[in-house]
Structure formats: C-alpha cells, structure tokens
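would you be able to build a 3D model of this:
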Amino acid sequence: MSQQNGKISETEGLKMERKAIWILPDGTAIRITIPVQSLPFLQKKVGGLIDSIYIPNHQKSTLWANDEGLILNMEPNMVASYIAKQPIVGPVVVEGETILKALERDAIILDSITDVIGDFFETTGYD
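Numbers count the residues shown, from 1 in each chain. Model prediction:
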C-alpha cells in the first residue's frame with residue numbers, strides 16, 4: 001500500500017473496506033462496513049441500481065440511493081432527505097468520514113429522529 005507523508009492515496013483508499021451507515025426509510029440506522037467489491041453490496045443495501053447523491057458541505061462523503069426509487073414507489077426516507085437536503089426515497093448508504101462524524105455528533109443516528117425532521121417533507125411539499 002503506497003503512502004505519502006503518512007497518508008493513504010485516494011486510489012488506494014478505494015481498495016479498502018470503508019465504514020458507512022445504512023439508513024432505512026423508518027429511520028433505523030445501522031453501522032456497516034462496505035467491502036472492497038462494493039457494487040453488489042451497495043445494490044443489495046439500496047434494493048437495486050445505485051445512484052450517488054451529493055451531500056452538501058461534505059465533499060468527500062457520498063449518499064448511495066436506489067436510482068429507480070421513485071419509479072418503484074419506495075417509501076420516503078426522511079433521515080436521508082435531511083442529510084441530502086432534498087427528497088430521498090428507499091434505503092440508503094452514507095459513507096465518508098466528515099458526514100459520519102457529523103451524524104454521530106448531532107445524534108441523528110442514535111435514536112428515532114423522525115420527530116426532529118418530520119416537518120421536512122411538509123416544508124418541501126413532498127408527499
């Protein structure tokens with residue numbers, strides 16, 4: 001594994017397991033590890049084809065969702081919608097050190113947070 005100044009290169013990082021959180025539409029959040037061969041794993045976790053969604057203010061973080069979630073009429077995911085600042089449906093996987101630290105710091109994943117963000121869908125007009 002190549003290192004520069006004690007840091008692992010970005011391409012090397014893709015060859016390693018990664019920590020993430022799997023967030024279900026009911027608000028359940030489960031800590032997971034994404035394996036090196038991540039595509040089949042991510043597809044299984046989101047229930048189909050994957051799409052990466054930008055997470056505002058977290059450049060090296062990614063929210064993985066089902067690419068066809070709306071077509072498949074998947075349940076709204078209020079926690080993921082809060083994180084992405086846009087309506088998201090179905091189960092998602094969130095990875096990236098800065099977002100994971102922020103989620104834990106803000107206690108978003110600790111208990112049910114649907115009460116805290118329940119207004120999100122009402123204010124966005126999403127049903």
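
residues touching the residue nearest in space to the middle of the chain, list them.
What sits nearest the mean C-alpha location of the chain, by Cα atoms, centre = their mean, is Val94, with 2.1 Å. Neighbour list for Val94: 20-21, 23, 55, 61-64, 80, 83, 100, 103 [criterion: Cβ atoms under 8 Å, 6 or more residues apart in numbering]. No exception for glycine: its C-beta is placed from N, CA and C like everyone else's.

what about those, which are in helices?
With DSSP state H as the criterion, helices contain 80, 83, 100, 103 from among the contacts of Val94.

burial count for the closest residue to the first one other than its chain neighbours?
Spelled out, that is Ala80. Counting by Cβ to Cβ, 6 or more residues apart in numbering, Ala80 lies nearest to Ile88, which is 3.9 Å off, once chain neighbours are set aside. Using other Cβ atoms under 10 Å, the number of residues around Ile88 comes to 26.

with Glu97 instead?
Neighbour number of Glu97 under other Cβ under 10 Å is 12.

doesn't Lys60 make contact with it?
Yes. When contacts are counted by Cβ atoms under 8 Å, Glu97 is listed as touching Lys60 (7.0 Å).

low-confidence ranges in the chain?
Flagging of the chain using pLDDT under 70 yields the residue ranges 1-15, 105-127.

which residue ranges form the helices in it?
10-13, 38-46, 78-84, 97-105, 114-117, 119-124.

returning to what we had before: among the contacts of Val94, which two are most distant?
Greatest spatial distance among the contacts of Val94 (Cβ to Cβ): Trp64 and Leu103, at 14.8 Å.

more neighbours, those two?
Trp64 (24 against 21).

nearest spatial neighbour of the more buried one, skipping sequence neighbours?
Using Cβ to Cβ, 6+ apart and skipping residues adjacent in sequence, the residue nearest Trp64 is Val93, 4.3 Å away.

which ones are touching the one you found?
20-23, 32, 34, 42, 45-46, 63-64.

just those residues now: which is nearest Asn73?
Val46 (14.8 Å).

hang on, the closest one packs against Gly90?
Yes. Under the criterion of Cβ under 8 Å, Val46 makes contact with Gly90 at 6.2 Å.
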